[in-house]
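Asker: Here is my input; please provide its structure:
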Amino acid sequence: MQRVTISIDDELAAQFERLIARRGYVNRSEAFRDLVREAVAADDLTDDPDCECVGVVSYSYNHHERQLAMRLTEHQHEHTGAVISTMHVHLSHDECAEAVVIRGSAAEVRHVADTMTAEPGIRHGRVNLIPVKHE
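Answerer: Sure thing, here's the model as predicted:
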């Protein structure tokens, strides 16, 4: 392990301390390591579209929206080799949320996620990509 010393202005230091407290870190080092890991992972996924990753696509929608649930299921069936799991949650009488786990190249996962969240009627669609490193 290496020791790294950094200097930051007072306002940024105060913001970092608030972040550490909000997220429940026990020390600055672990918070800093997580920030660096996140930046490195984002670069890996941007620089190498063939980088293997797992993506968690989450979205909400009104299940009364005409044929939307069927269209979302069709997207998943079209990519059965990539879709690992789906979780469906009833939020209210009308609203549902889903989380779909997809594994493949960064480009493939982004494509599937984008086509799903672009469906008319989808609200709050997001994707979180996690690189899969082979040791």
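
Asker: so residue 117 makes contact with residue 59?
Answerer: Yes: counting by Cβ atoms under 8 Å, residue 117 touches residue 59, with 5.5 Å between them. All C-beta spots, glycine's among them, are computed from the backbone N, C-alpha and C.

Asker: more neighbours, these two?
Answerer: residue 59 (21 against 17; other Cβ atoms under 10 Å).

Asker: who touches both of residue 117 and residue 59?
Answerer: Counting by Cβ atoms under 8 Å, 6 or more residues apart in numbering, the contacts common to residue 117 and residue 59 are 125, 126.

Asker: what residues go with each domain of this protein?
Answerer: With domains defined by automatic domain parsing, the chain comprises 10-47, 52-131.

Asker: Any chance of these in TSV with distance to residue 1 and mean pLDDT as columns?
Answerer: Below are those laid out as TSV (distance: least, Cβ to Cβ, whole Å; pLDDT from 0 to 100):
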stretch	distance to residue 1	mean pLDDT
domain 10-47	9	89
domain 52-131	22	94
